[in-house]
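Student: I would like the atomic coordinates for the input below:
(chains A and B, ligands or ions: 1)
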Amino acid sequence: MCLAIPAKVVTLKGSIAQVDMMGNERIISTDLVPEVKLGDYVLVHAGFAIGIIDDESAKETEELLLEVAKAYEEEE
Amino acid sequence: MKKRSKDLLTKAGDYQAEIKELAKSPYTIMEVCGTHTVTIAKNAIRELLPNTVRLISGPGCPVCVTDSSDIDRYLYLAAQPKVITATFGDMIRVPGTDKSLQVLRAEGADVRIVYSTQDALELARRNPDKEVVFLGVGFETTIPTVAVSLEIAKREGIKNYSVLSMHKVVPPVLKLLAEDDQLAVNAFLHPGHVCSIIGIEPIEFMAKDYGLPGAVTGFDALDILEGIVMLLRQREEARSDIEIQYQRVVKAAGNPKAKNFIERVFEPVDASWRGIGLIPQSGLGMREEYSLWDAARKFSLPTFNSPETPGCRCGDVLRGLIYPTQCPLFAKHCTPMKPIGPCMVSTEGSCAAYHRYSQRSVD
Ligand code: SF4
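Tutor: I've put the predicted structure just below:
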């Protein structure tokens, strides 16, 4: 239940953001991370960004997730 | 194979080698979080480890620790006329004494699965003649998202929205585990997302007062392996600290904004954990200022004295005393399709995780 997924902030309006979650678009709330900026990677849980992912590692995280997703696809 | 996958495999191999090197004598690690349990089962990490390193699951699935009396209470509420129950999907199949939300829904109750508390608020805005009740189940990761919805409801004067708070906080149950003489755990993989909110200060007593090393760990297989390496290194160096493996997300101070939301809306109360019992100050009730949005007060809900499910050893599983496979009902009478206890219902329940992924390797 505490699962959270990384996503990239694509648009920001007030406390609502549109994010790219591994290719899927989602609308989320940013009330818990008001300092968030466009282009930041956030961690999304239950429709809310709960934290901002460290800059350098964010890219790596996404690549890693894509890699893992691909590996699964190849397996099936 | 692409270069990157190869790098990942090399890294996993390095961690595995270091674990082997450091695991000279028995060491038992508890993974507190249900999401860890799933990653471990899915990647067969237990099988990758030397015999000396044991991983056991803890009480980190919020659905599984929801007390049967709380379940009967929300089922009673969901059956009231004019009530729309809004809940995360995990709660739908959890059996109460004689029903589940799913059964109630089939009988005509209005039960909706929502993805976030924002959806629940929206339901309330769109159904002004109904009462929308959100079932507040979860740990510190989820609780701030519920607090935000309550602040919005108060600010906008949305009077037909309320929350039944069955929320629980992690540090008190860790303390209970640390003080349990039956428990034979040497170290903890602490829950990364809970700590992304609370930081590490609230769990530091585990290392300082009880000498139990901890690693706040992320959720992919490499994170888990690195967390295990960090714990074994602490033993090697005769230290006990709370270290952060999941640095890309967890800051020592947590998320102060989110903590503030929790504090403004909720206050600590004693709470019953399924199979474990009453733990002082381990739950969150709603503050007086939010009593209008507190479903328990709004509907003057009765309390229930519900029996534990006979034969289910969920409580022992949650305290790490037995593996799910040691429950006599496991896989024989209790399966994810026909769950007997809550640890088999939630996908993050230890019994369900063991069942799902151990079946795969048997196939
Ligand atoms: S296998 Fe089923 S009955 Fe046994 S402890 Fe797990 S949930 Fe309870």
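Student: in a strand, that's where A:Lys8 is, yeah?
Tutor: Yes. Counting by DSSP: H, G, I helix; E, B strand; the rest coil, A:Lys8 falls inside a strand.
Student: just the pLDDT for the residue lying closest to B:Val53 once chain neighbours are set aside.
Tutor: Closest residue in space to B:Val53, ignoring its immediate chain neighbours: B:Ala23 at 4.9 Å, by C-beta to C-beta, 6 or more residues apart in numbering or on different chains. C-beta: built from backbone N, CA, C; applies to glycine. At B:Ala23, the pLDDT value in this model is 91.
Student: neighbours around B:Ala23, how many?
Tutor: 17 (other C-beta atoms under 10 Å in any protein chain shown).
Student: hang on, it packs against B:Leu232?
Tutor: Yes. Counting by C-beta atoms under 8 Å, B:Leu232 is a contact partner of B:Ala23 at 6.3 Å.
Student: get me the contact residues on the stretch 201-350 of chain B for chain A.
Tutor: B:219-220, B:222, B:247-250, B:255, B:257-258, B:261, B:346, B:348 (C-beta under 8 Å from any C-beta of the partner chain).
Student: and the residues you listed, which are buried?
Tutor: Among those, those classed as buried by 16 or more other C-beta atoms under 10 Å in any protein chain shown are B:Phe219, B:Asp220, B:Leu222, B:Arg248, B:Val249, B:Val250, B:Asn255, B:Ala258, B:Phe261, B:Ser346, B:Glu348.
Student: and of these, the nearest to B:Phe304?
Tutor: Distances from B:Phe304 to those, taken as C-beta to C-beta, are shortest for B:Ser346 (20.7 Å).
Student: for that closest one, what are its contacts?
Tutor: A:Met1, B:Gly34, B:Cys61, B:Val63, B:Cys64, B:Asp90, B:Val94, B:Ala352 (C-beta atoms under 8 Å, 6 or more residues apart in numbering or on different chains).
Student: export those residues as JSON lines, with columns for pLDDT, neighbour count and secondary structure.
Tutor: Putting the contacts of B:Ser346 into JSON lines (pLDDT from 0 to 100; neighbours: other C-beta atoms under 10 Å in any protein chain shown; DSSP: H, G, I helix; E, B strand; the rest coil) gives the following:
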{"residue": "A:Met1", "pLDDT": "72", "neighbour count": "24", "secondary structure": "coil"}
{"residue": "B:Gly34", "pLDDT": "88", "neighbour count": "31", "secondary structure": "helix"}
{"residue": "B:Cys61", "pLDDT": "89", "neighbour count": "32", "secondary structure": "coil"}
{"residue": "B:Val63", "pLDDT": "90", "neighbour count": "24", "secondary structure": "coil"}
{"residue": "B:Cys64", "pLDDT": "88", "neighbour count": "30", "secondary structure": "coil"}
{"residue": "B:Asp90", "pLDDT": "86", "neighbour count": "24", "secondary structure": "helix"}
{"residue": "B:Val94", "pLDDT": "88", "neighbour count": "24", "secondary structure": "coil"}
{"residue": "B:Ala352", "pLDDT": "91", "neighbour count": "27", "secondary structure": "helix"}
